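*Asks:* got a predicted structure here, sequence first:
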Amino acid sequence: MIQPPEGQHKDSAGDLERDVPMEDTDAPPTTVTTASSTTPSTTTPIPTAPTTKSNHSEPGYEDGQDQNHCGDQQREQREVIMPALNDHSEGPPGDSEGPWDSSRAQHPENGVHLEPQPAHCSSPDQDMSYISGADLFGYVGIEAVLDQMRHKTMKAGFEFNIMVVGQSGLGKSTLVNTLFKSRVSRKSCSSLHQERIPKTVRIHAVSHMIEEKGVKMKLTVVDTPGFGDHINNNNCWEPIVSYVNEQYEKYLREELNVMRKRRIPDTRVHCCVYFLPPTGHRLRAIDLEFMKHLGSIVSIVPVIAKADTLTLEERLDFKHRIRQDLAANGIQVYPQKQYDEDPEESILNNSIRECIPFAVVGTDREHQVNGNKVLGRKTKWGIIEVENAAHCEFSHLRDLLIRSHLQDLKDVTHNILYETYRVRRLNQANVDFSELGLPPSGSPLYSSMCSTLCSGTQDTCEGESQL
């Protein structure tokens, strides 16, 4: 027990101190540890205690204050510490809201001895609490946001752009018609279409508005006639690379306009279906070069065209060799493993990666099978059902492109592939500002706009454009 000094004496400030009687003389002693101070004191040492202003305020003297001229604070501390000693509490004096955190020690700073904070004190980032449905007083209506989003999406519709690349005669147009169960391919839309192999690779895009159960989708099918159809196919992928980058550039210019559209038209290629001929061997040099150049700017989904020409054993061996060639050349096709966001999505994508490349068969004709109409190809020995997983993997491809990963394809295109292009384009040292509709290099705004563009922040860029 800490005994007060007998009698009366004056402190260093000249004030008369009174005796403080001890009420409980049988109380067990309480040990109060204080750090030794280097400043000599003429008064009896008294344990420091928190002030009564706040439970979480740090006691002690402020920086630059002389401890020898604070008699009033010492009397105030003595009046507070004596009841605390009589209470025999385990926690810190003046604070009974939480357990004592022994991991926080006292550290003298400029002669000030700081008391440790209670364990329940946390940073502002950790103050967020989770309130589940059982803790709510009643129905709030947060789930109605999903209905609002669905209503707006159905009203405005959405866009999906798919590109098909491969040699002529592999059934690209037929497969696209089978995917969307309508005549949406380039050949089906042109009544005067003539099958002629162009001298160079051309890009031909056809757009359609498809509506199903109130949901509207603007579908754009991009065909590449002439790819791989010539004797010299050197750099035949360059027109396709240029087209994909042009769509990124068009979207970037729309973002940088001073008066932007409320909804920027999206012509970026969300998916590229690459058709492999059913040779049964390995990937050709043109296949490897194409996927090397396009794999970093667009999501590629390889398929084995006209898979009904291969036996089941030949199909399995061919798919295994293709996966080996892709891994040996460092080619990544959709869905990429590094884009998996959670274990559940990783399990789903692993099952898809095991099926790549998809062995597909396409047709737009229906046949009667056991009294039911099915899409299939009729042969002398039977009917190959397109949507039957035992016959081909068309159903797996359709689920990937439309039913399960359509939105993910758009998200990967916007958040990863386009973002990579945007950062690279804006960070180029020799960027031509006149092409982007920005001030020329000789104008006063050139320096500020250059720093803004190189920052890579879209919001800041928009603000500078408005200025």
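*Replies:* Perfect, I can see it now. This structure is a prediction, so every number in the text was calculated from the model and none was measured.
*Asks:* surely residue 173 is in contact with residue 183?
*Replies:* No - using Cβ atoms under 8 Å, residue 173 is not in contact with residue 183, being 9.0 Å away. From N, CA and C alone the C-beta is placed, and that goes for glycine too.
*Asks:* how about low-confidence regions in the stretch 1-150 of the chain?
*Replies:* 1-126 (pLDDT under 70).
*Asks:* the more surrounded of residue 173 and residue 183?
*Replies:* residue 173 (21 against 13; other Cβ atoms under 10 Å).
*Asks:* the more buried one belongs to a helix?
*Replies:* Yes - Residue 173: assigned to a helix according to DSSP: H, G, I helix; E, B strand; the rest coil.
*Asks:* got the contact list for the nearest residue to it once chain neighbours are set aside?
*Replies:* Distances taken as Cβ to Cβ, 6 or more residues apart in numbering place residue 185 nearest to residue 173, at 3.5 Å, with adjacent residues excluded. Residue 185 makes contact with 172-174, 176-177, 206, 221, 223, according to Cβ atoms under 8 Å, 6 or more residues apart in numbering.
*Asks:* now with 10 Å, please.
*Replies:* 164, 172-179, 193, 206, 221, 223, 364 (Cβ atoms under 10 Å, 6 or more residues apart in numbering).
*Asks:* roughly how far apart are it and residue 178?
*Replies:* According to Cβ to Cβ, to the nearest Å, residue 185 stands 10 Å off from residue 178.
*Asks:* mind listing the shared neighbours of these two?
*Replies:* Contacts common to residue 185 and residue 178, judged by Cβ under 10 Å, 6+ apart, are residue 364.
*Asks:* before we move on, back to that, show me the two of the contacts of residue 185 that sit farthest apart.
*Replies:* 179 and 193 (19.6 Å; Cβ to Cβ).
*Asks:* out of those two, which sits in the busier spot?
*Replies:* Comparing residue 179 with residue 193 by other Cβ under 10 Å, the one with more neighbours is residue 179, at 22 against 12.
*Asks:* so which bits of the top helix by length along the chain are buried?
*Replies:* For the chain, the longest helix by residue count, based on DSSP state H, is helix 238-256. Neighbour counts over helix 238-256 (16 or more other Cβ atoms under 10 Å) mark 239-241, 243-244, 247-248, 251-252, 256 as buried.
*Asks:* alpha carbons only: can I get it in PDB?
*Replies:* Listed next in PDB are the C-alpha coordinates belonging to helix 238-256 (Å, rounded to 0.1, in the frame of the first residue of the first chain):
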ATOM      1  CA  GLU A 238      -1.800  -8.900 -88.900                       C
ATOM      2  CA  PRO A 239      -5.200  -7.600 -90.300                       C
ATOM      3  CA  ILE A 240      -6.900  -9.400 -87.400                       C
ATOM      4  CA  VAL A 241      -4.600  -7.900 -84.800                       C
ATOM      5  CA  SER A 242      -5.100  -4.500 -86.400                       C
ATOM      6  CA  TYR A 243      -8.900  -4.800 -86.200                       C
ATOM      7  CA  VAL A 244      -8.900  -5.800 -82.600                       C
ATOM      8  CA  ASN A 245      -6.600  -2.900 -81.700                       C
ATOM      9  CA  GLU A 246      -8.700  -0.500 -83.700                       C
ATOM     10  CA  GLN A 247     -11.800  -1.400 -81.600                       C
ATOM     11  CA  TYR A 248      -9.800  -0.700 -78.400                       C
ATOM     12  CA  GLU A 249      -8.600   2.600 -79.900                       C
ATOM     13  CA  LYS A 250     -12.100   3.600 -80.900                       C
ATOM     14  CA  TYR A 251     -13.300   2.900 -77.300                       C
ATOM     15  CA  LEU A 252     -10.400   4.800 -75.800                       C
ATOM     16  CA  ARG A 253     -11.100   7.900 -77.900                       C
ATOM     17  CA  GLU A 254     -14.800   7.900 -76.800                       C
ATOM     18  CA  GLU A 255     -13.600   7.800 -73.200                       C
ATOM     19  CA  LEU A 256     -11.300  10.800 -73.800                       C
END
